[in-house]
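K.L.:
Task: produce atomic coordinates for the following.
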Amino acid sequence: MIKKLTRRSTLAGLVAAGMLATNSLPSVAADMTFTLATSGTETDMRSVAMANVFAPMVASFAKYKPGYNGSLFAQGTELEAISRGNLTMSIASAQELAQFFPEFSIFATGYVHQDAAHQVRVFNDPLMDPFKQKVEDELGVKLLSVMYLGRRHVNLRFKRDEKNVMTPSDLAGVNLRMPGTDAWQFLGKALGASPTPLAFSEVYTALASGAVDGQDNPLPTVVDKKFYEVTKQISLTSHLVDLNYIAFSKETWDSLSPDQQLTVQRAADAAAAYGRLKQLDKENNLAEFIRSQGVEIYTPDLAAFRKHVQAQYVGSEFAATWPNGVLERINALGN
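P.N.:
Sure thing, here's the model as predicted:
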């Protein structure tokens, strides 16, 4: 709670100091640079989509300068950097936004989103309007579009004859790397594991050394970061149909002309759509390669996982922050 209050206080201070104000900005931006910070690699499909689709579409009025592998700002600090005016864009998770606005934890809850199409329907539905507006008003960040990261699965360094993960009880005592935010840590516990906070850039080394027992990510990330070199099994828990938002500086947005704003929005949507299709294709075709690297892939008791995980959220502090009726509206947009 102290961490959340501190972040809230920081934002209040920024607003009071006028750092998030935009009234004095010119109506038309001249030659400018859009800086993007991400913890992903250059070959991560989200990075590829932004470089190959977004950047060319805005090239007539803005240069695109990405920083990969947390080289510009450490994972989890990008949104504050945008608020301070030190960064234009990031690929932000719902878990990171929940650090500022606890109600965003609903979009990071296990087994809530059904698939990539469901994510898009939810993001474009009016139910998201109050969420988006609050981020703009209090953080100075505009959420342009939703990117599909993939179905997250449990990936362990143990062989299956040492640890066979079929139900949540099988994860008891497993040090599962999860990002350090409260929402991520809660999800790790809900899965039945002992979540260990660790920066994404440190996961490979931690798995190789045994500092952590496993990590959870979609199959494309397992390949992109070569986690298959330091793990032995993947239990296809599909516990989170994970997403990211293309987060853009509201200050920069307000400095653009209407035509430039339209171009940026179209570029973000196009990049998200391109990345979504490519990510889905990779997900559907990577299992064979991962198996060829000596990693066993299998399906656990998904009903047991779903029942256990969702039960952990009932009555939790996270569920208490969810606006009334929003979960039902999200479910109604599903298949």
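
K.L.:
Once you drop chain neighbours, what's closest to the residue most central in space within the chain?
P.N.:
For the chain, the residue nearest the mean C-alpha position is S93 (2.9 Å; CA atoms, centre = their mean). Of all residues not flanking S93 in the chain, N244 sits nearest, at 5.6 Å (CB to CB, 6 or more residues apart in numbering). Quick note: C-beta positions are derived from backbone N, CA and C, even for glycine.

K.L.:
Now that that neighbour has come up, it's in contact with L149, right?
P.N.:
Yes: counting by CB atoms under 8 Å, L149 is a contact partner of N244 at 5.6 Å.

K.L.:
joint contacts of those two?
P.N.:
R46 (CB atoms under 8 Å, 6 or more residues apart in numbering).

K.L.:
So which of the two has more stuff around it?
P.N.:
Higher neighbour count among N244 and L149: L149, with 26 against 21, using other CB atoms under 10 Å.

K.L.:
Validate this expectation: the more buried one resides in a helix.
P.N.:
No: counting by DSSP: H, G, I helix; E, B strand; the rest coil, L149 is not found in a helix; it is strand.

K.L.:
which residues does G180 contact?
P.N.:
Each residue near G180 by CB under 8 Å, 6+ apart is listed here: 76, 197-199.

K.L.:
In helices only, show me those.
P.N.:
Of the positions in these, not one sits in helices, assigned by DSSP state H.

K.L.:
Report the two of those residues separated the most.
P.N.:
G76 and L198 (11.5 Å; CB to CB).

K.L.:
Tell me the residues that contact both of these two, please.
P.N.:
Shared contacts of G76 and L198, counting by CB under 8 Å, 6+ apart, come down to 179-180.

K.L.:
Which ones among the contacts of G180 lie within strands?
P.N.:
Among the contacts of G180, the subset assigned to strands under DSSP state E consists of P197.

K.L.:
And the buried ones among the contacts of G180, selectable in ChimeraX?
P.N.:
Of those, the buried ones go into a single ChimeraX selection, burial set by 16 or more other CB atoms under 10 Å:
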select :76,198
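
K.L.:
so which of the contacts of G180 comes closest to E136?
P.N.:
Closest approach to E136 among the contacts of G180 (CB to CB): G76, at 20.3 Å.

K.L.:
do you know how far that closest one is from P197?
P.N.:
10 Å (CB to CB, to the nearest Å).

K.L.:
which neighbours do these two share?
P.N.:
Common contact partners of G76 and P197 (CB under 8 Å, 6+ apart): 179-180.

K.L.:
need the next SSE after the helix or strand bottoming out on mean pLDDT in the chain, C-terminal direction.
P.N.:
Lowest on mean pLDDT, DSSP states H and E among the helices and strands of the chain sits helix 2-16, with a mean of 43. Later in the chain than helix 2-16, the nearest helix or strand by DSSP states H and E is strand 32-37.

K.L.:
which one in the contacts of G180 is the model shakiest on?
P.N.:
pLDDT is lowest at G76 among the contacts of G180; the value there is 86.

K.L.:
Now do the strands in the stretch 51-200 of the chain.
P.N.:
Assigned by DSSP state E, counting those that start in this stretch, the stretch 51-200 of the chain shows strands spanning 62-67, 89-92, 141-156, 175-178, 194-197.

K.L.:
What is the second one packed up against?
P.N.:
Using 3 or more CB pairs under 8 Å, 6 or more residues apart in numbering; DSSP states H and E as the contact test, the elements touching strand 89-92 are strand 32-37, helix 78-83, strand 141-156, strand 233-249.

K.L.:
what about 6 Å?
P.N.:
Strand 89-92 sits against strand 32-37, strand 233-249, with contacts defined as 3 or more CB pairs under 6 Å, 6 or more residues apart in numbering; DSSP states H and E.

K.L.:
In the stretch 1-150 of the chain, where is pLDDT below threshold?
P.N.:
Applying pLDDT under 70 to the stretch 1-150 of the chain flags residues 1-30.

K.L.:
I'd like the next helix or strand past the helix or strand where A267 lies.
P.N.:
Following DSSP H and E, one finds A267 within helix 258-285. Next helix or strand after helix 258-285 toward the C-terminus (DSSP H and E): helix 287-292.

K.L.:
For that following helix, which outside residues touch it?
P.N.:
Outside of helix 287-292, the residues within contact range by CB atoms under 6 Å, 6 or more residues apart in numbering are 228, 297.

K.L.:
Distance from the chain centre to that helix, please.
P.N.:
25 Å (CA atoms, centre = their mean, to the nearest Å).

K.L.:
Next: stretch 128-140.
P.N.:
The answer for stretch 128-140 is 17 Å, by CA atoms, centre = their mean.

K.L.:
Just the CA coordinates for that stretch, please, in CSV.
P.N.:
The C-alpha trace of stretch 128-140 is given here as CSV (Å, rounded to 0.1, in the frame of the first residue of the first chain):
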residue,chain,number,x,y,z
MET,A,128,-13.0,0.8,-21.2
ASP,A,129,-13.7,4.6,-21.6
PRO,A,130,-13.5,5.4,-17.9
PHE,A,131,-10.3,3.4,-17.5
LYS,A,132,-8.7,5.2,-20.5
GLN,A,133,-9.8,8.6,-19.3
LYS,A,134,-8.5,8.1,-15.8
VAL,A,135,-5.1,7.2,-17.2
GLU,A,136,-5.0,10.3,-19.3
ASP,A,137,-6.2,12.6,-16.6
GLU,A,138,-4.1,11.4,-13.7
LEU,A,139,-1.0,9.9,-15.5
GLY,A,140,-0.8,11.9,-18.7
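
K.L.:
Nothing else from me, thank you.
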